[in-house]
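A.B. asks: coords below, sequence missing:
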């Protein structure tokens, strides 16, 4: 088998609703229920498994920074994730991250960049949402809408409408500088898949960088496998690719257990085929799945879908590194 590092990030802090931190345990339960625990969890040696637990008790604390909610607690989580992902990318064949709310994906990007400081990073963002807000442009102030902005060093000031305080500014700058550089990612090297729920400020920055977008209908028309090939072709100038999969990219008929579902998403077979084809590329070094929230689910359906996708990813990676 290939050497895959597994990182579990139990965090609710960047989300709109609590409960995504429990998604990791829900996926583990799905593994037990599908009698596949031996294959999936037992494959990870002690040094290839790490769990990062956020101080989620602060989710319900009084909000001090309304345009960057709980940002003071999220900065150190980013630093931990960055270091863990850096280690995984450098010292294993592949890195898998199972995270709670999607805000922490900015830490993953930071870790991929820290492991590859002189290389171009490509990101495939499979999500209903663009997640390229920042404290200056966000209506909600929730950090799960900002992870890409922590990596691109463009605060989209032309679209800003929030006047943020000095402490929020300072912590936002710290968040952007995790890994030692603010220029971790060129927005032109991001590819969105399943994007359908976003605001004007996000639309403006997507247009500014001519960021590639494959909407659900595009995937359906082209086919999931062909879409994946087109994405790899589009990012062929990148040295390393990270794939981030938010389960709300799926249609609400499937994504029953997630905090921000939105109509018109991918079906399970489409997502599975898309991801399977993407991770077959030798340039893809890291895969993340996020936003499984069992408190909103029935019969652990969402976690079972997520587990099956993770199982597929590991099998494809094993084939990549088979002798």
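C.D. replies: Everything's here; your move. Only a predicted model underlies this, so the values are computations on that prediction, with no experimental measurement involved.

A.B. asks: for the one helix or strand residue 123 maps to, buried residues please.
C.D. replies: Counting by DSSP states H and E, the element that carries residue 123 is strand 121-126. By neighbour count on 16 or more other C-beta atoms under 10 Å, the buried set for strand 121-126 is 121, 122, 123, 124, 125, 126. (Glycine included, C-beta is placed from N, CA and C.)

A.B. asks: can you name every helix or strand that that strand contacts?
C.D. replies: If contacts are counted by 3 or more C-beta pairs under 8 Å, 6 or more residues apart in numbering; DSSP states H and E, strand 121-126 sits against helix 105-115, strand 190-193, strand 240-246, helix 268-279.

A.B. asks: which other helices and strands does whichever helix or strand comes after that strand contact?
C.D. replies: Next in sequence after strand 121-126, counting helices and strands by DSSP H and E, comes helix 149-152. With contacts taken as 3+ C-beta pairs under 8 Å, 6+ apart, helix 149-152 sits against helix 105-115, helix 166-176.

A.B. asks: what's the most buried one of these?
C.D. replies: helix 105-115 (a mean of 28; mean count of other C-beta atoms under 10 Å).

A.B. asks: next one: that one to chain centre, how far?
C.D. replies: Averaging C-alpha positions (C-alpha atoms, centre = their mean, to the nearest Å) puts helix 105-115 11 Å from its chain's average.

A.B. asks: likewise stretch 298-309?
C.D. replies: 17 Å.

A.B. asks: stretch 239-248 too?
C.D. replies: On C-alpha atoms, centre = their mean, the centre of stretch 239-248 falls 6 Å from that of its chain.

A.B. asks: I'd like the distance between residue 206 and residue 266.
C.D. replies: For residue 206, the distance to residue 266 equals 19 Å [C-beta to C-beta, to the nearest Å].

A.B. asks: need the helices and strands packed on helix 149-152 in TSV (columns: distance to residue 34).
C.D. replies: Shown next, in TSV, are the helices and strands packed on helix 149-152 (distance: least, C-beta to C-beta, whole Å):
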stretch	distance to residue 34
helix 105-115	26
helix 166-176	37
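
A.B. asks: just tell me which of those helices ends up closest to residue 65.
C.D. replies: helix 166-176 (4.6 Å; C-beta to C-beta).

A.B. asks: show me the contact partners of the closest one.
C.D. replies: 65, 67-68, 71-72, 74-75, 78, 106, 134-135, 149-151, 153, 164, 182 (C-beta atoms under 8 Å, 6 or more residues apart in numbering).

A.B. asks: quick check: PyMOL command selecting the buried ones in these.
C.D. replies: Filtering those down to the buried ones (16+ other C-beta under 10 Å) takes a single PyMOL command:
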select buried, resi 65+67+68+71+72+74+75+78+106+134+135+149+150+151+164+182
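
A.B. asks: what about the helices in the stretch 201-323 of the chain?
C.D. replies: Ranges of helices in the stretch 201-323 of the chain, per DSSP state H, counting those that start in this stretch, are 216-222, 224-234, 268-279, 301-320.

A.B. asks: in a markdown table: these, plus distance to residue 193.
C.D. replies: Converted to a markdown table, the helices of the stretch 201-323 of the chain look like this (distance: least, C-beta to C-beta, whole Å):
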| stretch | distance to residue 193 |
| --- | --- |
| helix 216-222 | 7 |
| helix 224-234 | 7 |
| helix 268-279 | 7 |
| helix 301-320 | 14 |
